[in-house]
Structure formats: C-alpha cells, structure tokens
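Undergrad: here is my input; please provide its structure:
(one chain, ligands or ions: 3)
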Amino acid sequence: MKTSNLLVINLSVSVFLLGSVFSNAYGTFNKLVLPPNVTGPESAAFDRAGEGPYVTVADGRILKWKGPAIGFVDFAYTSPNRTKKLCDGTNDLELGPICGRPVALSFNYKSSDLYIVDAFFGLLVVGFNGGLATQLSGGYKYLSGIDVESYTGNVYMTDASLTYNIRSLAQPDFTPDSTGRLLKYDPRTQRVTVLINGLAGGGGPAVSSDRKYVLVPEYVNKRIQRYWLQGPKHGTNEIFMTNIGSPINVKRAVNDGEFWVAVANPAQGLRVNESAMVLQTVPLTESVDTTVTVVQETNGAVYVGSSHTDFIAVYTN
Ligand SMILES: *[C@@H]1O[C@H](CO)[C@@H](O)[C@H](O)[C@H]1NC(C)=O
Ligand SMILES: *[C@@H]1O[C@H](CO)[C@@H](O)[C@H](O)[C@H]1NC(C)=O
Ligand SMILES: *[C@@H]1O[C@H](CO)[C@@H](O)[C@H](O)[C@H]1NC(C)=O
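TA: Ligands and ions are numbered 1, 2, ... in the order given. A predicted model of the protein is given here:
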C-alpha cells in the first residue's frame, strides 16, 4: 500500500515536470538592449556566418549585435544626407527624409549582400562591410517587408497599403485600404514586377524553403496569401491561412517547410507548416506585445522585433 502510494507520487511528479517542459517552450525571454534613446528594432536578420542580429531602427541606422560585452554597433545607413549628430537617437518622423527609416532586412546568402527596405528610400543594398547603402528602386508608398531568395537572387517585397507616418496601426486615424502589393525585384534586369495587387495591410513576405511559393500576410484582412512561383498554379495566388489574428510578418523557420508568423493581435508568434497547421504558439504579451513586427528563429532561439521597444526580445527554452 505504502509502496504504491509512493509510486503514484513519483509518477505525478514526473508527469508534472514533463508537462512543464512542454508548456514552457520559449517560455522565458531576455533583452538585447539598443543604445540610449534608440527604439523600433523592426527586423532581426542573421548573416551567413550566423552573426547578428542586424536590426533596423527608428533613427535610420542598421545596427549589428556584437554580443553582450559590446552590444549593438553601427553597421549601415540608407540616407546619403544622414549625419550622426542630427539623427542618432531621434524618432522624429519629420527627419525621415534626412535620417532614413529602414524597416526590414534580408541577406543574400550567396553574395553576403544585405538588402534593405526603407520607408523613405525604397529598396537598397549594402555589402558585407556595411556603410552607406545603394538605392536600387524608389518611389513607393511604403515598403514594409522583404525576403531575398538566395538561389536566384530574386527579391520579394511588400508595398503596404498605408504610408509610414500613419504606420502605428493602433492609432484611431488609421484608415485601411486595399492598395498593398507583393513585388519582385530581379537583380539581373533590375526590374520590379507586381505579383499581387489589392492587399489590405501587407507585411513581410517569405519564400518557402523549396522556393515553390511566397507567403504574404495581410494585417487588415487577417489572413495570409500564397503566391505560387513554380508548378501548375505558377503565377497565381490563393488564401493560405485565416483566423489567426492580425499577421504582420512571415519568416522561414529552421525546419524546412515551416514558418514563423508574427501576429500583432493577439500578440504571439506562431510556427506553422505548409499545410497551414499551427504547430507552436509563443505568447508575446510580456515582451513586445502588440508592437511585434518580426519573429525570427535561429539556433534554438526566437528573436522578436518591435516598432516601439528599445530592445529585441530573445525567447529561449
Ligand atoms: C537621450 O535623450 C535625452 C533627451 O532628449 C538627451 O538629453 C540625451 O542627451 C540623449 N542621450 C543620448 C546618448 O543621445
Ligand atoms: C541631400 O542634400 C542635398 C543638399 O541639401 C539635396 O540637394 C539633396 O536632395 C539631398 N538628398 C536627399 C536624398 O535628400
Ligand atoms: C502539418 O502538421 C499537421 C499536424 O501535425 C500534420 O498532420 C501535417 O501532415 C503537416 N503537414 C506537412 C506538410 O508536414
């Protein structure tokens, strides 16, 4: 009798421990804190060597994380007229045309070039040594997301259905329309083509690991669309996923065929597979909350960017 009671207790202890291991997946976070007065790290990209994250911030810079002893350092910038004296630490949107406002990043892993979209300067590229980026294409309403497909070098980007100065989606004067577009930049012809018109919202796109399609989130329509690059449905788009709150960004996950979706409302990161099944949910309410802009997985951690915080949140097990 005594022995079996003990056994029950032992059993329930191990079930409890096992349960907590699963429910605590990505249950804790640390902060990679930006330099003083710097905010809005909307993206978090890693280079071919796994260094980073590289982040785009509100004062117009692209910063690179060099580890806890050094912190973030300057890597690149988008505006030829930017000065550190005027711009470093600012979050004044009026200064955007002078300081720049890079919002998303993606590396070409073959060339090591870093492609950047900026709210004021369009699509740009900078080499692995950083510095002033070169503009490739301009004149957009608001380029909000980017993904480089390193095999062909093609660049997929989203022109959102809103302008940057009313970006704060929580603001009451935010008026959604359906003028967002999924675009492709071909580095060989240097031409931009429209793949999808009429997106409502329009956030960061992601090419699948087999390069067969691109996913693009529509914040306002609360859904994700899939545009086929190959196969029988090549050149057409369809609804991939609905009923997941307001998706703002999609990134490839470490596992082939899986993605991380950054959802602003309710604030969470969702790992989904190519059957659009949610495999994992990470609540983000304690870190960046509804200001979430990106969920990027690497090396057993997820890095979470935000339009308003002064840190990148790093969730680990
Ligand atoms: C941060 O902002 C405050 C207030 O504008 C200013 O006094 C301070 O010098 C700034 N610090 C840095 C490092 O830019
Ligand atoms: C940079 O400043 C010069 C001189 O003030 C001006 O002519 C030029 O248009 C500016 N360039 C940009 C990209 O704002
Ligand atoms: C996606 O996940 C679901 C649930 O685990 C599974 O049934 C399905 O086969 C998966 N799809 C793919 C393409 O792996």
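
Undergrad: surely Val33 touches Thr309?
TA: No: Val33 is not in contact with Thr309 according to C-beta atoms under 8 Å; the separation is 9.5 Å. No exception for glycine: its C-beta is placed from N, CA and C like everyone else's.

Undergrad: looking at these two, which one has more neighbours?
TA: Higher neighbour count among Val33 and Thr309: Thr309, with 21 against 14, using other C-beta atoms under 10 Å.

Undergrad: next, give phi and psi for Glu94.
TA: phi -60, psi -30 (degrees, to the nearest 10).

Undergrad: do Lys233 as well
TA: Torsion angles, degrees, to the nearest 10, at Lys233: phi -100, psi 10.

Undergrad: what about the residue of the stretch 51-200 of the chain found nearest ligand 1, neighbour count?
TA: Residue nearest to ligand 1 within the stretch 51-200 of the chain (C-beta to the nearest ligand atom): Gly89, separated by 3.9 Å. Gly89 is flanked by 15 other residues according to other C-beta under 10 Å.

Undergrad: excluding sequence neighbours, find me the nearest residue to it.
TA: Asn37 (3.4 Å; C-beta to C-beta, 6 or more residues apart in numbering).

Undergrad: in three-state terms, label the one you found for me.
TA: coil (DSSP: H, G, I helix; E, B strand; the rest coil).

Undergrad: pLDDT score for it?
TA: The model reports Asn37 with a pLDDT of 97.

Undergrad: do the same with Tyr142
TA: 89.

Undergrad: where do the strands sit along the stretch 151-300 of the chain?
TA: Ranges of strands in the stretch 151-300 of the chain, per DSSP state E, counting those that start in this stretch, are 155-159, 180-186, 191-199, 206-207, 213-218, 223-228, 237-242, 247-252, 259-264, 267-272, 278-283, 292-298.

Undergrad: for ligand 3, what are the nearby residues on the chain?
TA: Residues of the chain lying close to ligand 3 (C-beta under 6 Å from any ligand atom) are Asn273, Glu274, Ser275, Met277.

Undergrad: in TSV: these, plus neighbour count and distance to Gly235.
TA: Output for these, formatted as TSV (neighbours: other C-beta atoms under 10 Å; distance: C-beta to C-beta, whole Å):
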residue	neighbour count	distance to Gly235
Asn273	14	24
Glu274	17	19
Ser275	9	22
Met277	10	26
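
Undergrad: which one of the residues you listed sits closest to ligand 2?
TA: If you rank these by distance to ligand 2 using C-beta to the nearest ligand atom, Glu274 comes first, at 41.4 Å.

Undergrad: still on that earlier bit, take the strands of the stretch 151-300 of the chain and lay them out in a markdown table including mean neighbour count and mean pLDDT.
TA: Listed next are the strands of the stretch 151-300 of the chain as a markdown table, based on neighbours: other C-beta atoms under 10 Å; pLDDT from 0 to 100:
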| stretch | mean neighbour count | mean pLDDT |
| --- | --- | --- |
| strand 155-159 | 25 | 97 |
| strand 180-186 | 21 | 97 |
| strand 191-199 | 15 | 96 |
| strand 206-207 | 24 | 98 |
| strand 213-218 | 27 | 97 |
| strand 223-228 | 20 | 98 |
| strand 237-242 | 16 | 98 |
| strand 247-252 | 27 | 96 |
| strand 259-264 | 25 | 96 |
| strand 267-272 | 22 | 96 |
| strand 278-283 | 15 | 96 |
| strand 292-298 | 26 | 97 |
